[in-house]
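K.L.:
give me the fold of what follows.
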Amino acid sequence: MSDYKIDEMDRKILSFLVKDARMPFLEIARECGVSGAAIHQRVKKLEDSGIITGFSATVKPASLGFSVCAFVMLNISEANKFNDVVAALKKIPEVVETHFITGHSSLLIKLYCSDFDHLMQVVLNSIQKIPAVESTETMISLSEAFQRQVWVKKSK
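P.N.:
You can find the predicted model right below:
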């Protein structure tokens, strides 16, 4: 990532895009009081600097048959195996997030499965079979209260 420092105009643009990534640049330009070309240039700079990492559609997992959301904490045998474990987790399509964490465990992953049998198969036959994974602890989400992007606050 570059040393690009966002300013108040960038924050305003980001706040619109976080709320609605499909908002037309010309509409953002009108709200910001600048030209459409200026918005295009700023968004391009935000992308090139790594501040905007992409645009995507958010799909409700249950609508695709993935009604079970779980979080699994993993303990790995050696810290230098972290990259190998992450590489193996990337190959498991049910895993949607991976976080290196502090505390008693090394990694926290989020995954979606079709049912509890599917979850058990993924944990036992995929995750626990990864070399260097010593143990796992699984927590099942009963309900997702809300989900959102990072909040874009105004600078001081």
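
K.L.:
tell me the SS of H118?
P.N.:
helix (DSSP: H, G, I helix; E, B strand; the rest coil).

K.L.:
now A87
P.N.:
Applying three-state DSSP to A87 yields a three-state assignment of helix.

K.L.:
contact partners for the residue nearest in space to the middle of the chain?
P.N.:
Nearest to the geometric centre of the chain sits E97, at 6.0 Å (CA atoms, centre = their mean). E97 makes contact with I109, K110, according to CB atoms under 8 Å, 6 or more residues apart in numbering. Bear in mind the C-beta positions are built from the backbone N, C-alpha and C, glycine included.

K.L.:
redo that, cut-off 10 Å
P.N.:
Listed by CB atoms under 10 Å, 6 or more residues apart in numbering, the contact partners of E97 are F71, L89, L108, I109, K110, L111.

K.L.:
can you list contacts of the least confident helix or strand in the chain by mean pLDDT?
P.N.:
Counting by mean pLDDT, DSSP states H and E, the weakest-scoring helix or strand in the chain turns out to be helix 8-19, with a mean of 94. With CB under 10 Å, 6+ apart as the contact definition, helix 8-19 has outside contacts at 4, 6-7, 23, 25, 27-29, 31-34, 38-39, 42-43, 45-46, 49, 51-52, 55, 148-155.

K.L.:
buried only: go through those residues for me.
P.N.:
Listed as buried from the contacts of helix 8-19 are 6, 25, 28-29, 32, 34, 38-39, 42-43, 46, 52, 152; burial here means 16 or more other CB atoms under 10 Å.

K.L.:
so of those, which ones are in strands?
P.N.:
Among these, DSSP state E puts none in strands.

K.L.:
measure the residue lying closest to I52 once chain neighbours are set aside to T102 for me?
P.N.:
Taking CB to CB, 6 or more residues apart in numbering, and ignoring the residues beside it in sequence, I52 has L46 as its nearest neighbour in space, at 4.5 Å. Counting by CB to CB, to the nearest Å, the gap from L46 to T102 is 30 Å.

K.L.:
and what of K81?
P.N.:
According to CB to CB, K81 stands 18 Å off from T102.
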